[in-house]
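Asker: okay, structure incoming, though there's no sequence with it:
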């Protein structure tokens with residue numbers, strides 16, 4: 001074999017050896033790739049601590065941390081009816097490490113705010129529904145009122161003296177109040193806050209007189225004697241508060257309003273990450289202690305698939321758009 005042939009032979013042998021080594025090491029390299037999550041995940045909440053969105057976010061975060069082996073940290077970014085938090089998440093990398101505790105508010109805002117910098121349906125990858133909760137009509141307990149009809153009579157006798165609080169413009173709490181105002185034609189004013197907690201604080205102090213708050217945050221205040229409950233907005237009475245009548249029983253047929261809460265990631269988040277988060281959510285929601293906590297809050301378990309939640313968010317955005325336009329509501 002001459003020198004040229006020897007060089008070609010050695011080069012060819014080296015080529016095949018390198019290829020064989022590459023193929024042999026591929027599975028090991030693939031196995032070495034870390035699986036999601038490998039660092040803390042933040043759940044951004046668009047309201048202050050203590051409200052229903054925050055309470056349910058922390059309920060999920062605690063057990064998802066245990067399930068997936070990385071910290072799920074709740075970060076409160078209140079303001080603009082949750083739009084500040086939503087925009088923050090939309091602009092974050094679509095890698096599963098920044099999630100939004102999405103709520104009915106976000107579906108409402110799509111129509112309420114004419115100049116949103118994002119689209120609730122197009123710019124998020126819905127992960128899963130956590131829970132649905134009815135709203136509860138609660139009032140300052142020193143008012144001489146014990147029913148919805150007495151509230152209406154008092155408001156008509158004292159026009160312009162009642163204010164209804166909300167956790168922010170565009171929230172279901174706000175829109176439920178607008179719906180009530182639309183149906184009763186009462187002279188009452190809306191006072192928005194940056195979350196349920198500051199709104200409830202002023203309601204307990206008498207700075208505002210009424211509120212359609214989410215049941216999980218309103219009901220403990222009623223039980224403590226700090227507020228008086230007049231009705232809930234679900235079709236049936238809640239097992240957690242069986243003595244509180246529905247709005248329908250109080251003279252408002254078809255008055256059925258529920259708030260809802262879930263997780264969403266920025267659009268474009270890998271499907272396998274979304275699926276893993278959904279599976280973890282459902283695992284958490286299936287735990288007996290979590291179900292009991294939801295029952296105590298008057299909440300309905302929302303466990304389901306990614307596809308179901310995608311359709312739900314879309315339908316809620318459309319249906320609340322009709323309500324916003326009918327009520328003539330505007331962001332304040």
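Answerer: Thanks, I have the structure now. Fair warning: this is a prediction, and the values are worked out from it, not measured in the lab.
Asker: quick check: buried residues in stretch 316-324?
Answerer: Buried residues in stretch 316-324, counted by 16 or more other CB atoms under 10 Å: 316, 317, 320, 323, 324. To be clear about C-beta, it is placed using only N, CA and C from the backbone, and glycine gets the same treatment.
Asker: for the third one, list the residues it contacts.
Answerer: In this case it means residue 320. When contacts are counted by CB atoms under 8 Å, 6 or more residues apart in numbering, residue 320 touches 104, 107, 108, 110, 111, 175.
Asker: what of the second one?
Answerer: Under the criterion of CB under 8 Å, 6+ apart, the contact list for residue 317 reads 107, 110, 111, 120, 121.
Asker: try 6 Å this time
Answerer: By CB atoms under 6 Å, 6 or more residues apart in numbering, the contact list for residue 317 reads 107, 110, 120, 121.
Asker: ok, and the most crowded of these?
Answerer: residue 107 (26 neighbours; other CB atoms under 10 Å).
Asker: please state the offset of stretch 65-84 from the chain centre?
Answerer: Counting by CA atoms, centre = their mean, to the nearest Å, stretch 65-84 is centred 11 Å from the centre of its parent chain.
Asker: contacts for that stretch?
Answerer: Outside stretch 65-84, the residues touching it (CB under 6 Å, 6+ apart) are 37, 40-49, 57-58, 61, 64, 85, 105-106, 109, 168-170, 194-195, 280, 283.
Asker: out of those, which are buried?
Answerer: The buried subset of those - by 16+ other CB under 10 Å - is 37, 41-48, 57-58, 61, 64, 85, 105-106, 109, 168-170, 194-195, 280, 283.
Asker: check the contacts of residue 317 against residue 231 and report the nearest one.
Answerer: residue 107 (23.4 Å; CB to CB).
Asker: from residue 141, how far out is residue 257?
Answerer: Residue 257 sits 23 Å away from residue 141, taking CB to CB, to the nearest Å as the criterion.
Asker: which one's more surrounded, these two?
Answerer: residue 257 (20 against 16).
Asker: quick one, phi/psi of the nearest residue to that one once chain neighbours are set aside?
Answerer: Using CB to CB, 6 or more residues apart in numbering and skipping residues adjacent in sequence, the residue nearest residue 257 is residue 233, 4.2 Å away. When read as degrees, to the nearest 10, the backbone of residue 233 gives phi -100, psi 10.
Asker: list the contacts of residue 233.
Answerer: 134, 135, 247, 257 are the contacts of residue 233 under CB under 6 Å, 6+ apart.
Asker: now residue 99
Answerer: Residue 99 touches 43, 263, 265, counting by CB under 6 Å, 6+ apart.
Asker: just the ones of those residues in helices?
Answerer: In helices, judged by DSSP state H, none of the contacts of residue 99 are found.
Asker: among the residues you listed, which ones are in strands?
Answerer: 43, 263, 265 (DSSP state E).
Asker: residue 247 against residue 257, yeah?
Answerer: No. Counting by CB atoms under 6 Å, residue 247 stays clear of residue 257, with 8.2 Å between them.
Asker: strands along this structure, start to end?
Answerer: 41-45, 72-76, 98-103, 124-139, 162-166, 188-192, 210-214, 228-232, 258-266, 300-301.
Asker: contacts only, for the nearest residue to residue 167 once chain neighbours are set aside.
Answerer: Nearest non-adjacent residue to residue 167, counting by CB to CB, 6+ apart: residue 196, 4.4 Å away. For residue 196, the contact set (CB under 6 Å, 6+ apart) comprises 51, 167, 213, 217.
Asker: correct me, but the second one touches residue 197?
Answerer: Put plainly, it is residue 167. No. If you go by CB under 6 Å, residue 167 and residue 197 don't touch, sitting 8.4 Å apart.
Asker: who has more neighbours out of these two?
Answerer: Neighbour tally, residue 167 and residue 197, criterion other CB under 10 Å: the higher count belongs to residue 167, 34 against 17.
Asker: who are the contact partners of the more buried one?
Answerer: Contacts of residue 167 by CB under 6 Å, 6+ apart are 47, 51, 173, 195, 196, 199.
Asker: switch the cut-off to 7 Å
Answerer: 47, 51, 173, 193, 195, 196, 199 (CB atoms under 7 Å, 6 or more residues apart in numbering).
Asker: I'd like the residues you listed laid out as CSV, including pLDDT.
Answerer: Shown next, in CSV, are the contacts of residue 167 (pLDDT from 0 to 100):
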residue, pLDDT
47, 88
51, 84
173, 90
193, 90
195, 83
196, 87
199, 95
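Asker: and which of those residues is nearest residue 179?
Answerer: Nearest member of the contacts of residue 167 to residue 179, counting by CB to CB, is residue 173, at 11.1 Å.
Asker: narrow the buried residues of stretch 316-324 to those in helices?
Answerer: 316, 317, 320, 323, 324.
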